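In: task: produce atomic coordinates for the following.
(chains A, B, C and D)
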Number of protein chains: 2
Amino acid sequence: MPATIRDVARASGVHISTVSRTFSAPHLVNVETRTRVLACAEQLGYRPNRAARALITGRTFNIGLIVADIANPFFPPLIKAAESQARRHDHHVFVADTNEDAAAEEELVRALAKQVDGILLCSPRMSNSLIEQLSREVPLVVVNRQIAGLPAVVMDVARGARLAIEHLTGLGHRTLALAAGPRGSWTSKEIRRSATAAARAAGAELTVLGPNPPTEDGGLAVADHVRPGVTAVLAYNDLMALGLIEGLQQRGLRVPGDVSVVGIDDIMLSRLTRPKLTTVATPTAAAGRAAVDMLLAHGDDRRTTALVNLQTELVIRDSTGPGPGPHCPADPGDVVAAPAPGVASH
Amino acid sequence: MPATIRDVARASGVHISTVSRTFSAPHLVNVETRTRVLACAEQLGYRPNRAARALITGRTFNIGLIVADIANPFFPPLIKAAESQARRHDHHVFVADTNEDAAAEEELVRALAKQVDGILLCSPRMSNSLIEQLSREVPLVVVNRQIAGLPAVVMDVARGARLAIEHLTGLGHRTLALAAGPRGSWTSKEIRRSATAAARAAGAELTVLGPNPPTEDGGLAVADHVRPGVTAVLAYNDLMALGLIEGLQQRGLRVPGDVSVVGIDDIMLSRLTRPKLTTVATPTAAAGRAAVDMLLAHGDDRRTTALVNLQTELVIRDSTGPGPGPHCPADPGDVVAAPAPGVASH
DNA sequence: ATGAAAGCGCTAACAT
DNA sequence: ATGTTAGCGCTTTCAT
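Out: Purely as a prediction, here's the structure:
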């Protein structure tokens, strides 16, 4: 029903290639002809079929962006940043949500593959080998996962987790827990590895709880598995941390009075809840921008800049307080947002 | 670089049409041939090009979903519901964010047009006439806006706003304000119309503040324009309500002690903040499902079911309390979540 | 059951 | 500056 290039050609009495040029290389066509063609096109409501165009040019001017959970407040800033960066390169972004489902990821990559110039795979849950295979079918940039040979943008959560643990042990906490993230998450593995090492280095005990769904409900459920004696918990992300706090409070425990909680991500929500959440800030917007840049840096040697590692920071708010052990105040250099809170802030 | 249908044909010694059938109508091809073709395809890593297929079949099995702001927690539940409903129909959903920008909406509709079987236009900011025009280029279902002749899914915010105002006047509030939403929002107009009428009916005064960006910052800014004497504010959405509460508190006003605040949407966040927000719950998941169903109910007479109007409900929590006037307790039928709170709950 | 041929809507050499 | 021709990767009659 919609007008095609042929309709316009017929109406304006020129060959279709002239119509084509009018839209894709206007300077190559006579001004008079051009205006006439444009007028006819306008009148017929003609729009070039981008899919057909892409079939032959190989360029869609679209970017795919696949996230594990669009409802996780961690992603919107990343998505927004990717969009504005893409727009700067004249590209549009199509976002798809996998619902934390590895199979859905593969499907969506394939569905998007031929409709985009490349895909940003954020926090993938599927296997490395599958990602490598898919990267042969469509240009891929992986976010929040490091895979040899593939362009990737990661955040230095290992450092963030270390800072968080050091903050807690510095406050005198000796018996810690880690509320792990979902199976398949590279970030969760990194956090686990780093937190474990940091705890050992500080002579503290750290129990790993999980894997868990990286949601508020996931955190809520973890609360029931926090053993007596544990006085501080590091959560895989802020959403879990918030759910965990809720769950601990339901059990009659006070945060940070009885248990300190640290999140990761620094989502906006973390500043609005009471107590305000101590957390590791991840530069999500920068990640979105960097990922788009890598994806669109085509002919250039993507190899040399195949990995962007972005810095994280510990933001100390009100969900962490002194533990039972000797209190060694944290290095002030670590304190980004606010001075350490009093004993109870709630 | 990726293998095409021709590569597979060559490798398996058959004509390309046989390869095509192997993928799109397997029962029409001999079992032996089929397995051979499949083997070759597998080995070459061949994937049918969905864009090329769509060019000829006219079906992409994709749905576009355009939202004003992906960071607004109102949307994720709607998106999720649309996705799962789409999946039930073997479709994928591509989400695009317009950043509250009417021009971006038009662009994105056009970018998506030929890559999807139809588009869900959520909370559009552009003009009705432009939407009507676009609906001639691609099947459209509009969400949160009612346009004659176009299939639409709306929520009965008019009723919700009325219930909210009645709740407030019932509590004795006489001087009210409405923090309006963004320009171009149908929902905002509906709320305004209905709230104004309800206030008048109750003999209360209602001032309209705005338009405003429908965000926390928007609400925060509105706080400065709430005149002394105003004891209750209805906000365009929960995000604004939350920002408004923050802003009022910064001015030294207590919620609901000095000013009552009601939001609209009932986003998850509303249950987590203190005070918990009194709000009008909108059935976003149902809207997402209904919109997908309408879009995919193709040949069927879309005309007859061209409008789905979903019910809203008032959820009374802790951000509303007694006003200065005589207190007439609300009809218990209106109270959905909890009994009316005491004087101060914070 | 398979092949041949036409064509979806468009662009990109190559002519003129 | 414009028309001609070929073809992107695929499906779909129509033959055989």
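In: burial count for the closest residue to DNA strand D within the stretch 101-250 of chain A?
Out: In the stretch 101-250 of chain A, the residue that lies nearest DNA strand D is residue A:114 (8.1 Å; Cβ to the nearest atom of the strand). In this view, the C-beta of every residue, glycine as well, is placed from N, C-alpha and C. Counted with other Cβ atoms under 10 Å in any protein chain shown, the neighbours of residue A:114 add up to 22.
In: so it makes contact with residue B:48?
Out: No. If you go by Cβ atoms under 8 Å, residue A:114 and residue B:48 don't touch, sitting 9.1 Å apart.
In: grab the CA positions of stretch A:165-181 and hand them over as PDB.
Out: Extracted in PDB, the C-alpha atoms of stretch A:165-181 (Å, rounded to 0.1, in the frame of the first residue of the first chain):
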ATOM      1  CA  ILE A 165      35.200  -4.900  51.800                       C
ATOM      2  CA  GLU A 166      38.000  -2.700  53.000                       C
ATOM      3  CA  HIS A 167      35.500  -0.200  54.100                       C
ATOM      4  CA  LEU A 168      33.600  -2.800  56.100                       C
ATOM      5  CA  THR A 169      36.700  -4.400  57.700                       C
ATOM      6  CA  GLY A 170      37.900  -0.900  58.400                       C
ATOM      7  CA  LEU A 171      34.700  -0.300  60.400                       C
ATOM      8  CA  GLY A 172      35.500  -3.400  62.500                       C
ATOM      9  CA  HIS A 173      33.400  -6.000  60.700                       C
ATOM     10  CA  ARG A 174      34.900  -9.500  60.900                       C
ATOM     11  CA  THR A 175      32.100 -11.800  59.800                       C
ATOM     12  CA  LEU A 176      30.900 -10.800  56.300                       C
ATOM     13  CA  ALA A 177      28.600 -12.200  53.600                       C
ATOM     14  CA  LEU A 178      28.400 -11.700  49.900                       C
ATOM     15  CA  ALA A 179      25.000 -11.900  48.300                       C
ATOM     16  CA  ALA A 180      26.000 -13.100  44.900                       C
ATOM     17  CA  GLY A 181      24.400 -12.300  41.600                       C
END
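In: so for it, what's the average pLDDT?
Out: Averaging pLDDT along stretch A:165-181 gives 98.
In: now swap in stretch A:98-118 and tell me
Out: Across stretch A:98-118, pLDDT averages out at 96.
In: ends of it, what's the gap?
Out: With Cα to Cα, to the nearest Å as the measure, stretch A:98-118 spans 17 Å from end to end.
In: for the stretch 101-250 of chain A, what spans make up the strands?
Out: Here the stretch 101-250 of chain A has its strands, by DSSP state E, counting those that start in this stretch, at A:119-122, A:140-143, A:152-155, A:175-179, A:205-209, A:232-235.
In: partner strands of the second one, with direction?
Out: Here the strand partners of strand A:140-143, with direction, are listed using DSSP bridges: strand A:119-122 (parallel), strand A:152-155 (parallel).
In: check the last one too.
Out: In the sheet containing strand A:232-235, the strands it pairs with under DSSP bridges are strand A:175-179 (parallel), strand A:260-265 (parallel).
In: for the stretch 201-346 of chain A, which residues are neighbours of chain B?
Out: A:216, A:242, A:246, A:268, A:269, A:272, A:273, A:274 (Cβ under 8 Å from any Cβ of the partner chain).
In: residue contacts, the third one?
Out: I take that to be residue A:246. A:216, A:219, A:220, A:223, B:272 (Cβ atoms under 8 Å, 6 or more residues apart in numbering or on different chains).
In: the second one contacts residue A:250, correct?
Out: No. Contact between residue A:219 and residue A:250 fails when scored by Cβ under 8 Å: they sit 11.8 Å apart.
In: now find how far off-centre the lengthiest helix in chain A is within its chain.
Out: The helix that spans the most residues within chain A, counting by DSSP state H, is helix A:186-201. Its chain's C-alpha centre lies 20 Å from the corresponding centre of helix A:186-201 when counted by Cα atoms, centre = their mean, to the nearest Å.
In: give me the helices and strands touching it, please.
Out: Counting contacts by 3 or more Cβ pairs under 8 Å, 6 or more residues apart in numbering or on different chains; DSSP states H and E, helix A:186-201 is packed against helix A:157-170, strand A:175-179, strand A:205-209.
In: can you tell me what sits against that helix?
Out: A:123-124, A:144-146, A:154-155, A:157-162, A:164-166, A:169, A:176, A:178, A:180-182, A:205-206, A:208, A:210-211, A:234, A:236, A:264.
In: let's go with 7 Å and repeat that
Out: Identification of contacts with helix A:186-201 by Cβ atoms under 7 Å, 6 or more residues apart in numbering or on different chains yields A:123, A:144-146, A:157-158, A:161-162, A:165-166, A:176, A:178, A:180-182, A:205-206, A:208, A:234, A:236, A:264.
In: kindly write the ChimeraX command that selects the buried subset of those residues.
Out: To isolate the buried members of the contacts of helix A:186-201 in ChimeraX, using 16 or more other Cβ atoms under 10 Å in any protein chain shown:
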select /A:123,144,145,146,157,158,161,162,165,166,176,178,180,181,182,206,234,236,264
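In: how about the strands paired with strand A:140-143 in TSV, adding mean neighbour count?
Out: Output for these, formatted as TSV (neighbours: other Cβ atoms under 10 Å in any protein chain shown):
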stretch	mean neighbour count
strand A:119-122	28
strand A:152-155	24
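In: what's the closest of the ones you listed to residue B:102?
Out: strand A:119-122 (26.1 Å; Cβ to Cβ).
In: please state the offset of the closest one from the chain centre?
Out: Strand A:119-122 has its C-alpha centroid displaced from the chain centroid by 9 Å (Cα atoms, centre = their mean).
In: equivalent analysis for stretch A:37-47, please.
Out: Taking the mean of its C-alpha atoms, stretch A:37-47 sits 41 Å from the chain's own mean (Cα atoms, centre = their mean).
In: repeat that for stretch A:146-154.
Out: With Cα atoms, centre = their mean, you get 14 Å for stretch A:146-154.
In: and the contacts of it?
Out: A:128, A:131-132, A:135, A:140-145, A:186, A:287, A:290-291, A:294, A:302, A:306-310.
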